[in-house]
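Novice: need the 3D shape of this:
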Amino acid sequence: MNTSPENSATGLPHRLDPAGGCPHAANAQLLSQGAVAPVLLPGEVEGMAVLGHDALREFLAHPDVAKNAEHFTALRSGAIPDGWPLKTFATVQGMTTADGADHRRLRSLMSKAFTARRVEELRPRVEALTASLLDGLGREAAANDGVADLRGHFALPLPMGVICELLGVDAEHQDRLHHLSNQIVATDIGPAESMAANREMVEVLGAVAAARAENPGDDLISALIAAREADGDRLGPHELIGTLMLTIIAGHETTLNLITNAVRALCTHREQLALVMAGEASWADVVEETLRWDSPVSYFPFRYPTRDLTIDGTLIPKGTPVLAGYSAAGRDTKAHGPDAGRFDITRDGEARHLSLGHGAHYCMGAPLARMEGTAALQQLFARFPDLDLAVPEPRLRRHASFVGNSVRELPVRLSG
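Specialist: A predicted model of the protein is given here:
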């Protein structure tokens, strides 16, 4: 993501780069000017971003901020075209675009799958899948002069396998669903590609839901279908598909980025890795500091003020699409101190990060993401304690999105 100096000098909106890139330099520049910034989204759509930790915490829990796109003025007026790369975030029907009673209804249907007890029940499966994937990572490296793409062969299939098993999605669909998820969160694709990805995602999930309806199992899709059949008012057909889409995207993309970013951080901060290996810090500490220092999500769309709203002295007009700037808030020096840009797993956690959200829409999958992250890192470095990056960190290709925050591949050498 690039910030042009002339924009900073003239006070024009910051143009978010659809090609993504590392967000931190631009975030620091924007934060130096204030906690809330006007931004230009793809297609010259005007929006705002809330970047400061305290401002974002206030905004996320504000009673006059909505998630339903009926409050998105430009969309309601017809100014947003079909194929706009961020339109799915606004229009898909599900928990992340619902407010009030609708949000509580949809969240209650999903909540039993993500309780602390259910997550603990999943731990043996997560640990077994982790061990199996590490076997595969070792074989991949052995066939390629000791180098393997950790993101593609480990960080991706672990959360994707777990969320699909939880939902009841057969393994045959997993690669396609990941590709489509990637397309949906990308901000650099054209209208035709965006619309095609959304159509195909709906088709695939429709087929999955139909299969579960015909042959129910002990999975979340079967439970959701049963709830719909028992009381049609509880879950409409579009809400079912929208809920599945959002759960798959959020359930694996964020954890995929979390694991990838944590390994990158540890490989480039060997003294921090040494603390964990010596038992002076925990893998949970690594997960929390990674969430703060290099949030898996950079700018998450959208929320809309239902009235003109002033946050940290800046007016956000009613109906404006607002991005939650998680990667910026994580390195806000006003909240995390002058060394906020330093990766430090022993950091005092008084000002907790917001990378899993805050308020009514706090990430329901947070316990699962944390459990997967700690299990993955613990087993990975127990198996391959000398693991290191196979290419210099600056040469890693970044995500083509300002929504997700990570790299496209993570080539590692498993032994020194």
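Novice: can you give me the end-to-end distance of stretch 42-59?
Specialist: Chord length of stretch 42-59, first to last residue, is 23 Å (CA to CA, to the nearest Å).
Novice: point out where this structure drops to low pLDDT.
Specialist: 1-11, 228-234, 349-351, 416 (pLDDT under 70).
Novice: need the longest helix for it.
Specialist: Using DSSP state H to define each element, the chain has its longest helix at helix 237-267.
Novice: got the angle for the next helix or strand after that one vs helix 237-267?
Specialist: Counting by DSSP states H and E, the next helix or strand C-terminal to helix 237-267 is helix 270-277. Here helix 270-277 points in a direction 100 degrees away from that of helix 237-267 (axes from the mean of the first three to the mean of the last three CA atoms, to 10 degrees).
Novice: leaving out the residues flanking it, which one is nearest to the most centrally placed residue in the chain?
Specialist: The centre of the chain sits closest to Thr254, judged by CA atoms, centre = their mean, with a distance of 3.4 Å. Once flanking residues are discounted, Thr254 sits nearest to Pro296: 4.4 Å by CB to CB, 6 or more residues apart in numbering. The C-beta positions use only the backbone N, C-alpha and C, and glycine is treated the same way.
Novice: tell me the contacts of that neighbour?
Specialist: Residues near Pro296 by CB atoms under 8 Å, 6 or more residues apart in numbering: Glu253, Thr254, Thr255, Leu256, Asn257, Leu258, Asn261, Ser355, Gly404, Asn405, Ser406.
Novice: that one and Leu60, how far apart?
Specialist: Separation of Pro296 from Leu60 (CB to CB, to the nearest Å): 17 Å.
Novice: returning to that earlier point: check the contacts of Pro296 and tell me the two furthest apart.
Specialist: Across the contacts of Pro296, the longest distance by CB to CB is 14.3 Å; it joins Leu256 and Ser355.
Novice: is it correct that the residue nearest to the centre of the chain is in contact with Ala369?
Specialist: Yes. Assessed by CB atoms under 8 Å, Thr254 is found in contact with Ala369 at 6.3 Å.
Novice: list the residues that contact Phe302.
Specialist: Phe302 touches Gly47, Lys67, Ala69, Phe72, Leu86, Phe89, Ala90, Pro321, Val322, Leu323, counting by CB under 8 Å, 6+ apart.
Novice: pretty sure the fourth one contacts Ala90?
Specialist: Yes. Proximity of Phe72 to Ala90 meets the contact threshold set by CB under 8 Å, at 5.7 Å.
Novice: okay, and the common contacts of those two?
Specialist: With CB under 8 Å, 6+ apart as the test, Phe72 and Ala90 both reach Ile80, Phe302, Pro321.
Novice: which of the residues you listed lies closest to Ala113?
Specialist: For these, the minimum distance to Ala113 (CB to CB) is 25.4 Å, reached by Phe302.
Novice: so is that closest one in a helix, a strand, or just coil?
Specialist: Secondary structure, DSSP: H, G, I helix; E, B strand; the rest coil: Phe302 is strand.
Novice: do the same with the one 5 residues further on
Specialist: Reducing the assignment at Arg307 to three states with three-state DSSP gives coil.
Novice: so who does it touch?
Specialist: Contacts of Arg307 (CB under 8 Å, 6+ apart): Asp64, Lys318.
Novice: do the one 4 residues further on as well
Specialist: Neighbouring residues of Ile311 by CB under 8 Å, 6+ apart: Ala35, Val36, Val50, Ala55, Glu58, Phe59, His62.
Novice: distance check, the closest residue to the last one other than its chain neighbours against Gly279.
Specialist: Read that as His62. Nearest non-adjacent residue to His62, counting by CB to CB, 6+ apart: Leu309, 7.0 Å away. For Leu309, the distance to Gly279 (CB to CB) stands at 47 Å.
Novice: between those two, which one's more packed in?
Specialist: More neighbours surround Leu309 than the other of Leu309 and Gly279, with 21 against 7 (other CB atoms under 10 Å).
Novice: so that one touches Leu315, yeah?
Specialist: Yes. Counting by CB under 8 Å, Leu315 is a contact partner of Leu309 at 7.4 Å.
Novice: for the nearest residue to Ala186 once chain neighbours are set aside, helix, strand, or coil?
Specialist: Among residues not flanking Ala186 along the chain, Ser401 sits closest, at 5.1 Å (CB to CB, 6+ apart). At Ser401, secondary structure determined by three-state DSSP is coil.
Novice: just the strands in the chain please.
Specialist: Under the criterion DSSP state E, the chain contains strands at 14-15, 36-41, 45-50, 65-66, 147-149, 299-305, 309-311, 314-316, 322-325, 388-389, 411-413.
Novice: now those as CSV including distance to Asp99?
Specialist: Below are these laid out as CSV (distance: least, CB to CB, whole Å):
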stretch, distance to Asp99
strand 14-15, 28
strand 36-41, 22
strand 45-50, 18
strand 65-66, 5
strand 147-149, 40
strand 299-305, 10
strand 309-311, 15
strand 314-316, 17
strand 322-325, 14
strand 388-389, 43
strand 411-413, 43
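Novice: winner for burial among those strands?
Specialist: strand 322-325 (a mean of 27; mean count of other CB atoms under 10 Å).
Novice: touching it from outside, list them.
Specialist: Strand 322-325 is contacted from outside by 27, 39, 47-51, 56, 59-60, 65, 298-305, 316, 354, 357, using CB under 8 Å, 6+ apart.
Novice: relative to that strand, what are the paired strands and their orientations?
Specialist: strand 45-50 (parallel), strand 299-305 (antiparallel) (DSSP bridges).
Novice: so how far is that strand from its chain's centroid?
Specialist: 13 Å (CA atoms, centre = their mean, to the nearest Å).
Novice: same thing with stretch 117-131?
Specialist: 21 Å.
Novice: and if you look at stretch 69-80?
Specialist: Distance of stretch 69-80 from its chain centroid, counting by CA atoms, centre = their mean, is 24 Å.
Novice: for that stretch, which outside residues touch it?
Specialist: If you take CB under 8 Å, 6+ apart as the criterion, stretch 69-80 is touched by 43, 45-46, 87, 90-91, 97, 302, 304-306, 318-321.
Novice: closest to Glu393 out of these?
Specialist: Checking the contacts of stretch 69-80 one by one against Glu393 (CB to CB), the nearest turns out to be Phe302, at 31.5 Å.
Novice: for the closest residue to the closest one other than its chain neighbours, give me phi and psi.
Specialist: Nearest residue to Phe302, sequence neighbours excluded (CB to CB, 6+ apart): Pro321, at 4.4 Å. The phi and psi values for Pro321, taken as degrees, to the nearest 10, are phi -70, psi 120.
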